[in-house]
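Peer 1: Kindly generate the corresponding structure for this input.
(one chain, ligands or ions: 1)
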Amino acid sequence: MGGRWVEARSGKRFSTRNPATGELLAEVAEGDAADIDLAVAAARRAFDGQWSNWKPADRQRLLLKLADLVEADIEQLAMLDTLDMGAPISRTRASKQRAVGMLRYYAGQAVSIHGETIENSLSGEIFSYTLKEPLGVVGAIIPWNSPLGATLWKIGPALATGCTVVLKPAEEAPLTPLRIAELCAAAGVPEGVVNVVPGYGETAGAALAAHNGVDKLAFTGSHLTGQKIVRASAGNLKRLSLELGGKSPDIVFADADLDAAVPGAAMAVFANSGQVCSAGTRLFVERRIYSEFTQRVAEFSRSLKLGNGLDPETQVGPLVSSEQLDRVTAYLRLGAQEGARVVSGGARATEGALANGYFVPPTVFVDVQDEMTIAREEIFGPVLSAIPFDDVDEVIARGNRTEFGLGSGVWTRDVTKAHRLARALRAGS
Ligand code: ADP
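Peer 2: Below is the predicted model:
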């Protein structure tokens, strides 16, 4: 905070653990409202100070430098993500292109965002123009499912536009964001422009969302917390960006390339152990291929290697925490009680070393009905609900029958049908 490592004002720390083994990784300063106050004050001083004189080209150079440092440090960043939240190292290493590419994209934005000149009809030589200016102090609250990506996704746009940031990582995975703060300092980000305050959601997060010194809040997380953030932000009418949860339909037609659709539909849910907001968890399959297709998805799912993310062979890692394990296994029980049938996975994995971590194998439920809880609520685990359908209009209506609208997918070789569904499905992507 303010360009230095500091303890929490309270002196408290919390533990962060490896979800593959349950082992303690580190004790981290536990920030709360008092630390958020200090960080917001540091961010305000920085915003009002020299930082406001930085030109777009200076901010561009800074972001390009940060991108180079992230690229050079990617092995350590990937390792931190894997240790702290469990994702397979093959996945976290592969995030390099996205992470570095994002920063270079934002570097381009630093010099590309501009206002407009507007003609008007007043008499005389009068015209109007708009200027884009930085908002001020941005609060950023991120989840644990992709710490590296989420951190850069928040810090990058703020640096590009000349804002300052107070970022609160998820309590489950604070290590990568802290390392990024170090890289920001090494890249030459001035003191106080980027501040990272680890701590819990109900304390540090809530304080940031409610803080009157914060001009904008950018949040990624669950829709329930998103609702709290909206309420908390009302005090000073903060601007908000919210990226929340999903229960995305993934729709497979009989005319699809099934050899591509089988792994595609499975990994749309099992990648990152299902801990992805846009995961395609409601798998609608055209009835005449339903039985064969779901069988193939189940077979593919059983072939995936579940294990410690540090093993380069691992394809599916653990869930992030024991709380998440409890949550996901409760849904597994509920699915069975409500009458869905498990054809792959279905319970916590406890063989050998897996017993120490929070492992759930890729689970496929068939005979799922739209009204079942597992077909309606976001599980955020490796749980796929397969549902048969008969025709296009029906699947559009059923696909849209959800309170979410983040993502959707369509598998078909019929381009006209694909475009029709892309338009008719109410989803952001
Ligand atoms: P998840 O179920 O993915 O952990 P959350 O929405 O609970 O989703 O968490 C996402 C982020 O929101 C985390 O950084 C968490 O600490 C934070 N958070 C949780 N509760 C609150 C809250 N009441 N106010 C602000 N932030 C919160």
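
Peer 1: The residue in the stretch 301-429 of the chain that the ligand sits nearest to: what's its closest spatial neighbour, skipping adjacent residues?
Peer 2: Among the residues of the stretch 301-429 of the chain, residue 380 lies closest to the ligand, at 6.5 Å counting by Cβ to the nearest ligand atom. (Glycine included, C-beta is placed from N, CA and C.) Spatial nearest neighbour of residue 380, chain neighbours left out: residue 275 (5.4 Å); criterion: Cβ to Cβ, 6 or more residues apart in numbering.

Peer 1: What is the neighbour count of that neighbour?
Peer 2: 23 (other Cβ atoms under 10 Å).

Peer 1: need the contact list for whatever residue of the stretch 1-150 of the chain ends up closest to the ligand.
Peer 2: Residue nearest to the ligand within the stretch 1-150 of the chain (Cβ to the nearest ligand atom): residue 143, separated by 4.2 Å. With contact set as Cβ atoms under 8 Å, 6 or more residues apart in numbering, residue 143 has these partners: 150, 170, 220-222.

Peer 1: same deal with residue 44?
Peer 2: The neighbours of residue 44, taking Cβ under 8 Å, 6+ apart as the test, are 136-137, 164, 213.

Peer 1: By neighbours, which of these wins?
Peer 2: That'd be residue 164 among these, by other Cβ under 10 Å, with 30 neighbours.

Peer 1: For that one, give its distance to residue 51.
Peer 2: According to Cβ to Cβ, to the nearest Å, residue 164 and residue 51 sit 7 Å apart.

Peer 1: can you count the residues close to the residue of the stretch 301-429 of the chain closest to the ligand?
Peer 2: 25.

Peer 1: Near the ligand, which residues of the protein? Just list them.
Peer 2: By the rule Cβ under 6 Å from any ligand atom, the part of the chain lying against the ligand is 141-143, 168, 170-171, 200-202, 205-206, 209, 221-222, 225, 228-229.

Peer 1: Put the buried members of the residues you listed into a PyMOL selection.
Peer 2: PyMOL command restricting the residues of the chain next to the ligand to the buried ones, with burial defined by 16 or more other Cβ atoms under 10 Å:
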select buried, resi 141+142+143+168+170+171+201+205+206+209+221+222+225+228+229
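
Peer 1: So which of the residues of the chain next to the ligand belong to helices?
Peer 2: When DSSP state H is applied, the residues of the chain next to the ligand are split such that 206, 209, 225, 228-229 fall in helices.

Peer 1: Of those, just say which sits nearest to residue 406.
Peer 2: Using Cβ to Cβ, residue 225 is the member of those that sits closest to residue 406, with 15.1 Å.

Peer 1: residues touching the nearest residue in space to the closest one that is not next to it in sequence, list them.
Peer 2: Spatial nearest neighbour of residue 225, excluding adjacent residues (Cβ to Cβ, 6+ apart): residue 201 at 6.6 Å. Residue 201 makes contact with 141, 170-171, 225, according to Cβ under 8 Å, 6+ apart.

Peer 1: nearest residue to residue 76 other than its sequence neighbours?
Peer 2: residue 179 (7.0 Å).

Peer 1: Would you mind giving me the confidence score for the residue of the stretch 1-150 of the chain closest to the ligand?
Peer 2: Residue 143 carries a pLDDT score of 98 in this model.

Peer 1: Mind pulling up the pLDDT for the spatially closest residue to it that is not a sequence neighbour?
Peer 2: Once flanking residues are discounted, residue 143 sits nearest to residue 221: 4.7 Å by Cβ to Cβ, 6+ apart. We have a pLDDT of 97 for residue 221.

Peer 1: same question, residue 2
Peer 2: The model reports residue 2 with a pLDDT of 83.

Peer 1: And residue 403, its phi and psi?
Peer 2: With angles defined as degrees, to the nearest 10, residue 403 sits at phi -80, psi -10.

Peer 1: so who does residue 297 touch?
Peer 2: Contact analysis of residue 297 by Cβ under 8 Å, 6+ apart lists 262, 265-266, 283, 344, 364, 384, 386.

Peer 1: go again using 7 Å as the cut-off
Peer 2: Contact analysis of residue 297 by Cβ atoms under 7 Å, 6 or more residues apart in numbering lists 262, 265-266, 364.

Peer 1: so how far is the helix or strand it falls within from its chain's centroid?
Peer 2: With secondary structure defined by DSSP states H and E, residue 297 is part of helix 287-303. Averaging C-alpha positions (Cα atoms, centre = their mean, to the nearest Å) puts helix 287-303 28 Å from its chain's average.

Peer 1: Ok, stretch 186-197 next?
Peer 2: Distance, centroid of stretch 186-197 to centroid of chain: 22 Å (Cα atoms, centre = their mean).

Peer 1: Quick check: residue 372 touching residue 338?
Peer 2: Yes. Using Cβ atoms under 7 Å, residue 372 is in contact with residue 338, at 4.6 Å.

Peer 1: quick one: residue 186 and residue 70 touch, right?
Peer 2: No. Contact criterion Cβ under 7 Å: residue 186 and residue 70 do not qualify, at 10.5 Å.

Peer 1: Could you name the helices and strands sitting against the helix or strand hosting residue 260?
Peer 2: Using DSSP H and E, the element containing residue 260 is helix 258-270. If you count contacts as 3 or more Cβ pairs under 7 Å, 6 or more residues apart in numbering; DSSP states H and E, helix 258-270 packs onto strand 249-252, helix 287-303, strand 409-411.

Peer 1: closest to residue 65 out of the ones you listed?
Peer 2: With Cβ to Cβ, the closest approach to residue 65 among these belongs to strand 409-411: 37.3 Å.

Peer 1: Give me the contact list for the closest one.
Peer 2: 248, 250-253, 256, 261, 264, 268, 280, 418, 421-422.

Peer 1: could you redo the last one with a cut-off of 8 Å?
Peer 2: Contacts with strand 409-411, where a contact means Cβ under 8 Å, 6+ apart, come from 248-253, 256-257, 260-261, 264-265, 268, 280, 417-418, 421-422, 425.

Peer 1: Just the buried residues of those.
Peer 2: Counted by 16+ other Cβ under 10 Å, the contacts of strand 409-411 give 248-253, 256, 261, 264-265, 268, 280, 418, 421, 425 as buried.

Peer 1: about what we covered before: point out the most buried one among the helices and strands packed on helix 258-270.
Peer 2: strand 249-252 (a mean of 27; mean count of other Cβ atoms under 10 Å).

Peer 1: about what we covered before: what two of the contacts of residue 44 have the greatest distance between them?
Peer 2: Spatially, the most separated pair among those is 164 and 213, at 10.9 Å (Cβ to Cβ).

Peer 1: what do these two both touch?
Peer 2: 44, 137.

Peer 1: What distance do you get for the residue nearest to residue 225 to residue 168?
Peer 2: To residue 168, residue 201 is 8 Å away according to Cβ to Cβ.
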